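In: dropping a prediction and its sequence here:
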There are 2 protein chains.
Amino acid sequence: MTDGRLIAIEDPGDFRIAEFRDIRERDMTGREGRFIAEGTVVLRLLAEAHVSQRGFVAEKVLLLRNRVAGLEEIIAAFPEDVPVYVADAAVLDGIVGFHLHRGVLAIGRRIAEDDVDALLGALPEHALVLVGCGISNHDNVGSMFRNAAAFGADALLLDETSCDPLYRKALRVSVGSVLTMPYRRQGAAVDILRALADGGFAIWSLSPRGQTDIRKIAPSKRVAFVVGTEGEGLPEAILSAFGSARISQAPGLDSLNVATATGIALFELASAMRRI
Amino acid sequence: MTDGRLIAIEDPGDFRIAEFRDIRERDMTGREGRFIAEGTVVLRLLAEAHVSQRGFVAEKVLLLRNRVAGLEEIIAAFPEDVPVYVADAAVLDGIVGFHLHRGVLAIGRRIAEDDVDALLGALPEHALVLVGCGISNHDNVGSMFRNAAAFGADALLLDETSCDPLYRKALRVSVGSVLTMPYRRQGAAVDILRALADGGFAIWSLSPRGQTDIRKIAPSKRVAFVVGTEGEGLPEAILSAFGSARISQAPGLDSLNVATATGIALFELASAMRRI
């Protein structure tokens, strides 16, 4: 039973749940690595990450009272020192500033991470890595994580100009994959790619003008796949320094969006590498 | 020059542009087939559809004054009886109810369409059709159109429980493909599939539990590919009556979202059918 550890919140102004106030208006990312986790799936993955000490901890949980019954197993997975607050719908809506019909929230915190080189050094001999450069759209970053997880990528690297995947919407769109997929967001794109090349990765970037059909990329032991900003695409310096791939489509059209293009490319690469 | 036909709007309350007021709060779809077109690409496609009498007409255009210079060719493509209004940023923001940085809007209208059977009857001998059942998310419907266009599908059919692709956000996410891809949104899913089967289509539905790997579907002259609601997936009656396909992925994960799954499936089918 979880009743013993539930802490009732009666007042939206209660200081114990201040981090949840008006969550739509602001985003806590960057404040000492804290982030908002929403929804049952993300909460469960946060509990797993917390317990296994896999890069993230939970600081507090806030639930709609009538959701508790269906979440007892997940609640029990959090250690006793993670407070679990419950509130009725009117109080919860007053806290977050809009009607939150799902009613499952938590504050998580990213714990210290090592650098890109350490992450790369820990990758297996056969590895598939997704790289994002200048991905500023939260949906696209979230989708990249979801797709990377779906097709068994080993890591995801974002350059410093890409948005933080712990933003509320990116994390939600990733269906929590940000908490399970090893990733780093640091450094310039060219430095990331140089480190990958030094690590023996075949580097392929995606572009409507790519020279190699994505269906014809020769499989390698280690592949890094690079996607850039929708619209502008990837800088010419990246396109020309490494292999470039295209997704064949009907002529005369706008390119696919980043999320779909990444999904198709990862599906093809994971197929060629016999990972799926 | 377009100066001669531009009509200046100085007052956000001007009745001539009343359809554009507070567009975020409401959606005109269903009101006699009217819809809001946003952005340069969609405006150009609306002009093309209007001129070629391809299912849609433009009723009026509303532009941010400083956007006019870059849009002269598109403006000139609309017949003279389509009024083109221009407004300064403050007036435009007052009309639409938020800061519209793109500054390109139009009211379009769908003209009478025939039924599904007529659309199917007009399809070529070799055909690829995408079918959506219960797709209520505007982003997903828009993405389905974008992907269908990207991979050269001949038509898109939505059952009556799917949302209208002319909703503002669906049309925007489709990057205007709703105006170029032949489609119908009518009838029950089972009736649509029966009509397709009668038309000689091999019918494949997508499901995480699908029996055939999407990479191994035998090509047919005519293929209809069916996707259902995210989460619930497709009804068992549809899965069992026809072929079901799966997109192979890493074990133990949430399924791909509808947009990405549709993109991957269409890419595979269009490849197998040697269309791309």
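Out: Received it, and whenever you're ready, just let me know what you need. Residues are numbered from 1 along each chain as shown, chains lettered A, B, ... in the order given.
In: show me the domain layout of chain A.
Out: A:3-110, A:116-272 (automatic domain parsing).
In: and the residue most central in space within chain A, what does it touch?
Out: Residue closest to the mean C-alpha point of chain A, counted by C-alpha atoms, centre = their mean, is A:Val178 at 2.9 Å. A:Val178 makes contact with A:142, A:145, A:165-166, A:170-171, according to C-beta atoms under 8 Å, 6 or more residues apart in numbering or on different chains. Where C-beta positions appear, they are placed from N, C-alpha and C, glycine not excepted.
In: who's in contact with the closest residue to A:Ala150 other than its chain neighbours?
Out: Nearest residue to A:Ala150, sequence neighbours excluded (C-beta to C-beta, 6 or more residues apart in numbering or on different chains): B:Gln249, at 4.4 Å. Contact partners of B:Gln249, counting by C-beta under 8 Å, 6+ apart, are A:150-152, A:276, B:255-256.
In: got the CA positions of stretch A:66-80 in PDB?
Out: Extracted as PDB, the C-alpha positions of stretch A:66-80 are listed here (Å, rounded to 0.1, in the frame of the first residue of the first chain):
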ATOM      1  CA  ASN A  66      -7.700   9.600  -8.500                       C
ATOM      2  CA  ARG A  67      -4.600   8.400 -10.400                       C
ATOM      3  CA  VAL A  68      -2.900   7.000  -7.400                       C
ATOM      4  CA  ALA A  69      -4.800   3.600  -7.500                       C
ATOM      5  CA  GLY A  70      -3.400   2.800 -10.900                       C
ATOM      6  CA  LEU A  71       0.200   3.900 -10.100                       C
ATOM      7  CA  GLU A  72       0.900   2.000  -6.900                       C
ATOM      8  CA  GLU A  73       3.600  -0.100  -8.400                       C
ATOM      9  CA  ILE A  74       5.500   2.900  -9.800                       C
ATOM     10  CA  ILE A  75       5.100   4.800  -6.600                       C
ATOM     11  CA  ALA A  76       6.500   1.900  -4.600                       C
ATOM     12  CA  ALA A  77       9.500   1.900  -6.900                       C
ATOM     13  CA  PHE A  78      10.700   5.300  -5.700                       C
ATOM     14  CA  PRO A  79      12.800   5.200  -2.500                       C
ATOM     15  CA  GLU A  80      11.000   6.500   0.600                       C
END
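In: buried residues in that stretch, which are they?
Out: A:68, A:71, A:74-75, A:77-78 (16 or more other C-beta atoms under 10 Å in any protein chain shown).
In: buried residues in whatever helix or strand A:Glu48 lives in?
Out: Following DSSP states H and E, one finds A:Glu48 within helix A:40-51. Neighbour counts using 16+ other C-beta under 10 Å place A:41-50 of helix A:40-51 among the buried residues.
In: now it: how far from the chain's centre is it?
Out: Computed by C-alpha atoms, centre = their mean, to the nearest Å, the separation of helix A:40-51 from the middle of its chain amounts to 13 Å.
In: check the nearest residue to A:Arg172 once chain neighbours are set aside and give its pLDDT.
Out: Counting by C-beta to C-beta, 6+ apart, A:Glu38 is the residue found nearest to A:Arg172 once chain neighbours are left out, at 5.3 Å. In this model, A:Glu38 is scored at 93, pLDDT.
In: any idea how far A:Glu38 is from A:Glu32?
Out: 20 Å (C-beta to C-beta, to the nearest Å).
In: surely A:Arg110 and A:Ala58 touch.
Out: No. With contacts counted by C-beta atoms under 8 Å, A:Arg110 stays clear of A:Ala58, the gap being 11.5 Å.
In: these two: which is more packed in?
Out: In this view A:Arg110 and A:Ala58 are compared by other C-beta atoms under 10 Å in any protein chain shown, and A:Ala58 has more residues nearby, 23 against 18.
In: for that one, what are its contacts?
Out: A:37, A:46-47, A:50, A:78, A:82, A:106-109 are the contacts of A:Ala58 under C-beta under 8 Å, 6+ apart.
In: next structured bit after whichever strand or helix holds it?
Out: Using DSSP H and E, A:Ala58 sits in strand A:56-64. Counting by DSSP H and E, the next helix or strand C-terminal to strand A:56-64 is helix A:72-77.
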